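K.L.:
Return atomic coordinates for the entry below.
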Amino acid sequence: MTDSDSAVEVVDAEIVDDEDRALPAVAEVPAPRALVDRHTLLRPGAPVPTTADLPTYTEADFRISQETADLIDEAPPANTSRTYGSARRRFEDWCGENGRVAMPCTTATFVEYVGHLVHRDMAPASIRVHMSAIRSAHPDGQQPGMKEARQILSKHAREWARRRTPRKAAPIRTPALAAMVATCTASVERERPRALRDAALLTLGWGMLARRSELANLLIEQLVVEDDGVTVLVAFSKTDQAAAGESTFVPADPDHPAVCPVVRVRAWLEGLRRQGVTSGPLFRHITRGGNIRPRSGPRGDFLSPDAIGDVVKARAELAGVKGPDGRPATAHGNRRGPAQEISEAGGDPTAQGRWKPGSPTVRKHYIEPAAGKANNPLHAARAKARAQADSNPKA
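P.N.:
This is a model prediction of the structure:
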């Protein structure tokens with residue numbers, strides 16, 4: 001044996017048949033797939049995008065902090081959040097009773113629920129709220145289809161219109177406003193702070209054509225009171241969700257000091273100043289004893305929109321201001337009344353009430369009805385008939 005032979009290491013080995021030899025399985029990597037559709041635009045020389053170009057996400061890309069989650073929860077307006085929350089709970093309860101999945105739901109479940117609401121004879125506007133609440137709760141791209149639900153709702157809306165007359169808030173026109181403010185001036189001294197607040201709220205709100213939420217969120221710093229009127233900065237509103245802000249001028253009414261917004265707002269600001277309040281919320285809670293005290297809670301010292309509505313309704317009840325159905329006027333009547341008067345005088349209430357330019361609501365409910373009254377062709381026909389009768393008295 002040579003030295004080279006002795007250096008060879010001998011190991012145990014087992015001979016196996018080729019058919020028994022099994023190599024580890026190697027997973028096949030799919031070839032990158034093109035990411036194009038009929039809307040894709042490829043510039044000259046640009047490569048076709050593929051799945052290989054997609055980023056790789058980790059859990060960190062989907063997590064948000066508790067602080068951000070709180071901001072999301074607080075983002076919707078309180079009224080909308082409460083309404084949508086109620087609608088979603090009712091949908092979830094119905095799904096549970098009927099053995100259906102609520103989130104994300106199928107289009108069939110969505111359509112069946114809309115049909116359920118129609119069979120209950122719910123108002124079409126309320127059904128639309130429920131539909132919007134359900135769809136907005138779904139992740140993007142997982143919302144149920146709308147085609148069939150819209151068809152059902154459209155037919156229901158037509159039948160509803162045949163059977164029902166829409167209820168509208170009773171308009172608070174100038175005489176009604178004066179009667180409501182008079183209930184404030186008749187208050188005893190112990191109720192004076194509340195009376196000052198309510199009179200300012202009624203007259204300023206009427207002159208602004210204000211929504212409840214706009215009055216509820218006003219700050220003292222957002223008012224400039226001068227002899228000829230009050231300039232109000234509405235920081236945000238229903239038609240200004242981005243909070244760009246919009247100024248509204250409410251002119252004084254020197255011929256009618258009882259309902260003059262300058263007189264009433266100045267009196268309320270003086271009442272606040274006597275209690276040491278010179279900044280912050282304009283309309284605040286007042287105790288039974290007539291004092292203003294700091295409040296806790298999400299609204300803090302601000303009155304809520306519902307509380308604004310309660311003030312208007314209470315003053316309407318005291319003054320006997322009611323609608324055709326016998327119910328007391330509401331806060332929306334304090335917006336409808338001046339809008340009607342402006343329209344009947346030939347004006348357009350859009351800007352004063354902060355509606356969107358060209359608002360169909362203003363055209364349908366204020367401008368066109370006022371024009372229909374003033375320019376009704378029967379007026380001309382009757383005037384002609386009177387003229388003919390005057391020129392031929394023996395006919």
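K.L.:
where in this protein is pLDDT low?
P.N.:
For the chain, the stretches with pLDDT under 70 are 1-27, 29, 76-80, 166, 187-190, 394-395.
K.L.:
Counting residues, which helix of it comes out longest?
P.N.:
As assigned by DSSP state H, the longest helix anywhere in the chain is helix 78-97.
K.L.:
Enumerate the positions of the helix or strand following it that are buried.
P.N.:
Going down the chain from helix 78-97, the next helix or strand is helix 107-119, by DSSP states H and E. Buried positions in helix 107-119, judged by neighbour count with 16 or more other CB atoms under 10 Å: Thr109, Phe110, Val111, Glu112, Tyr113, Val114, Leu117, Val118. Yep, even glycine has a C-beta here, placed from its N, CA and C like the rest.
K.L.:
same thing with stretch 296-316?
P.N.:
Under 16+ other CB under 10 Å, the buried positions of stretch 296-316 are 299, 301-305, 307-309, 311-313, 315-316.
K.L.:
Of these, which is the nearest to Tyr366?
P.N.:
Proximity of the buried residues of stretch 296-316 to Tyr366 was ranked by CB to CB; the top entry is Val312 with 19.6 Å.
K.L.:
Now do the same contact list for that closest one.
P.N.:
Counting by CB atoms under 8 Å, 6 or more residues apart in numbering, Val312 makes contact with Ile172, Met180, Leu201, Leu202, Gly205, Ala329, Thr330, Ala331, Gly333, Asn334.
K.L.:
list the helices and strands the longest helix of the chain packs on?
P.N.:
Where contact means 3 or more CB pairs under 8 Å, 6 or more residues apart in numbering; DSSP states H and E, helix 78-97 is packed against helix 107-119, helix 124-137.
K.L.:
the strands in this protein, which residues?
P.N.:
Here the chain has its strands, by DSSP state E, at 223-226, 229-234, 246-251.
K.L.:
quick one, helices of the stretch 251-395 of the chain?
P.N.:
Secondary structure of the stretch 251-395 of the chain (DSSP state H, counting those that start in this stretch): helices located at 261-274, 305-319, 333-344, 360-362, 368-374, 377-391.
K.L.:
do you know how far Val311 is from Ala235?
P.N.:
Between Val311 and Ala235 the computed distance is 21 Å (CB to CB, to the nearest Å).
K.L.:
Excluding chain neighbours, what is closest to Asp228?
P.N.:
Closest residue to Asp228 apart from its sequence neighbours, by CB to CB, 6 or more residues apart in numbering: Ala252 at 5.5 Å.
K.L.:
should've said Val36
P.N.:
The shortest distance from Val36 to any residue other than its chain neighbours is 6.4 Å, reached at Val48 (CB to CB, 6+ apart).
K.L.:
Leu42 is in contact with that neighbour, correct?
P.N.:
Yes - counting by CB atoms under 8 Å, Val48 does reach Leu42; the two are 6.7 Å apart.
K.L.:
and Ser132, how many neighbours does it have?
P.N.:
14 (other CB atoms under 10 Å).
K.L.:
Pull the number of nearby residues for the closest residue to it other than its chain neighbours.
P.N.:
Nearest residue to Ser132 in three dimensions, chain neighbours excluded: Tyr84, at 7.5 Å (CB to CB, 6+ apart). By the criterion of other CB under 10 Å, Tyr84 has 18 neighbours.
K.L.:
Let me know the distance separating Gln275 from Leu269.
P.N.:
When CB to CB is the yardstick, Gln275 and Leu269 sit 11 Å from each other.
K.L.:
How about His130?
P.N.:
Distance, His130 to Leu269, using CB to CB: 43 Å.
K.L.:
The two - which one has more neighbours?
P.N.:
The neighbour comparison of His130 against Leu269 (other CB under 10 Å) goes to His130, with 21 against 18.
K.L.:
Contact partners for that one?
P.N.:
Applying CB under 8 Å, 6+ apart, we find His130 in contact with Ala87, Arg90, Phe91, Tyr113, Val114, Leu117, Met122.
K.L.:
Could you measure from it over to Val114?
P.N.:
8 Å.
K.L.:
Thr330 too?
P.N.:
29 Å.
K.L.:
same question, Arg299
P.N.:
34 Å.
K.L.:
same check, this time on Gly290
P.N.:
Using CB to CB, Gly290 is found at 51 Å from Val114.
K.L.:
do Ala216 as well
P.N.:
Distance, Ala216 to Val114, by CB to CB: 33 Å.
K.L.:
next one: Pro294
P.N.:
Relative to Val114, and taking CB to CB, Pro294 is found at 46 Å.
K.L.:
how far out from the middle of the chain is stretch 363-376?
P.N.:
27 Å (CA atoms, centre = their mean, to the nearest Å).
K.L.:
Quote the end-to-end distance of it.
P.N.:
17 Å (CA to CA, to the nearest Å).
K.L.:
One more: stretch 243-261?
P.N.:
Span of stretch 243-261 from end to end, CA to CA: 25 Å.
K.L.:
cool, stretch 49-67 as well?
P.N.:
37 Å.
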